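Colleague: the following block contains a protein sequence and its predicted model.
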Amino acid sequence: MTDADVLDEVFEVIEDRKETLPEDSYTASLFTHEKGENAVLEKLGEEMTELVLAAKDDEREEIAHEAADIVYHMLVLLSMKDMDLADLRSELEDRR
Ligand SMILES: N=c1c2ncn([C@@H]3O[C@H](COP(=O)(O)OP(=O)(O)OP(=O)(O)O)[C@@H](O)[C@H]3O)c2ncn1[C@@H]1O[C@H](COP(=O)(O)O)[C@@H](O)[C@H]1O
């Protein structure tokens with residue numbers, strides 16, 4: 001499986017959770033008032049700090065863990081704004 005595949009798959013799951021809102025889903029809880037957009041923004045801020053600290057300490061596993069947390073919460077944010085990976089890809093492609 002390529003990196004692009006797993007990103008697409010996780011985004012699809014996020015979109016599904018947004019629509020079906022299962023009770024036991026962390027992702028779904030972010031789309032309800034219970035947590036909401038502010039929780040996602042706070043998480044992104046915390047995780048960015050944790051990523052910087054992990055990088056300073058050269059903790060490779062921790063760097064990967066924090067980077068994955070950031071990517072997941074960033075995908076949730078894109079979905080909250082009714083955006084998707086195509087928006088991200090086209091922005092990156094425009095810079096080449
Ligand atoms: N990639 C993720 C993912 N990354 C992080 N998280 C959750 O985000 C929350 C916060 O992450 P943290 O690392 O900060 O968690 P923590 O250890 O509680 O740390 P603190 O809150 O104590 O700081 C935790 O509850 C994690 O489980 C995620 N929850 C879900 N996914 C993906 O979303 C899919 C659907 O998940 P559900 O919506 O839960 O079904 C999963 O199969 C995964 O692919």
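Modeller: Great, that's in hand.

Colleague: which outside residues touch stretch 8-15?
Modeller: Stretch 8-15 has contacts (CB atoms under 8 Å, 6 or more residues apart in numbering) with 27, 72, 75-76, 78-79, 84-85. The way it works is simple: take the backbone N, C-alpha and C, and place the C-beta from them, glycine included.

Colleague: hmm, 7 Å instead?
Modeller: Outside stretch 8-15, the residues that touch it by CB atoms under 7 Å, 6 or more residues apart in numbering are 27, 72, 75-76, 79, 84-85.

Colleague: same question, stretch 44-62
Modeller: If you take CB under 7 Å, 6+ apart as the criterion, stretch 44-62 is touched by 63, 66-67, 69-70, 73-74.

Colleague: near the ligand, which of those show up?
Modeller: Applying CB under 6 Å from any ligand atom to these, one finds that Asp69 fall near the ligand.

Colleague: of the contacts of stretch 44-62, buried ones?
Modeller: When neighbours are counted using 16 or more other CB atoms under 10 Å, the contacts of stretch 44-62 contain these buried positions: 63, 66-67, 69-70, 73.
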